[in-house]
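Trainee: Just need the structure, nothing else, for what follows:
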Amino acid sequence: MHLDCRDTIGYAHTAPSGQMDLSLWEQFYLIGIRHLSLRELDYWPPQDRVVNQRSLSLPAAGLLQECVGLRKLFIHGTAHEHFMMFLSRIPDLRDVQLREDYYPAPENDMSTEMRADSCSRFEAALNRCHIPD
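Mentor: Reported below is the predicted structural model:
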């Protein structure tokens, strides 16, 4: 499934005044995704133009981890290491890729983007998971 939210810029069209948190919108959009029999998901998270960042939110990570049949996940953006660890709980997940505007941040960067060490820890967590087939 190709799920493209990249043209979503905050709450430009539907938000109450002063409510710019994309994670609430993303949660509303992804609610019920667990009921789909997804094997592969190509996901473009919404973009926060204020900070020029497209990243996976905490609600999105929590909802995506409920897709128990998911085997491949492509995220076109960045993600915090803690949020990525949610995905390691998906039983059949074999392949996770951060694409496009993702780049490893320098180790002294305090942003929420994944650093090289974070990627290594997530990869190790996925490799420790037993895949039944």
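Trainee: in this protein, which spans are helices?
Mentor: 22-30, 58-64, 81-87, 116-128 (DSSP state H).
Trainee: In JSON lines: these, plus distance to Leu41 and mean pLDDT.
Mentor: C-beta coordinates here come from the backbone N, C-alpha and C atoms, glycine included. Output for those, formatted as JSON lines (distance: least, CB to CB, whole Å; pLDDT from 0 to 100):
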{"stretch": "helix 22-30", "distance to Leu41": "10", "mean pLDDT": "78"}
{"stretch": "helix 58-64", "distance to Leu41": "7", "mean pLDDT": "91"}
{"stretch": "helix 81-87", "distance to Leu41": "11", "mean pLDDT": "87"}
{"stretch": "helix 116-128", "distance to Leu41": "16", "mean pLDDT": "80"}
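Trainee: Point out where this protein drops to low pLDDT.
Mentor: Within the chain, the segments meeting pLDDT under 70 span 9-22, 48-53, 100-115, 133.
Trainee: if I pick the residue nearest the centre of the chain, what's in contact with it?
Mentor: By CA atoms, centre = their mean, the chain has its centre lying nearest to Leu56, at 3.5 Å. Contacts for Leu56 (CB atoms under 8 Å, 6 or more residues apart in numbering) come out as Pro45, Leu64, Ile75, Gly77, Thr78, Ala79, His80, Phe83, Met84.
Trainee: With Gln65 as the reference, measure out to it.
Mentor: 11 Å (CB to CB, to the nearest Å).
Trainee: Tell me how many other residues surround the residue nearest to the residue nearest to the centre of the chain when sequence neighbours are not counted.
Mentor: The spatially closest residue to Leu56, leaving aside those adjacent along the chain, is Ala79, at 4.1 Å (CB to CB, 6 or more residues apart in numbering). Neighbour count of Ala79, defined by other CB atoms under 10 Å: 26.
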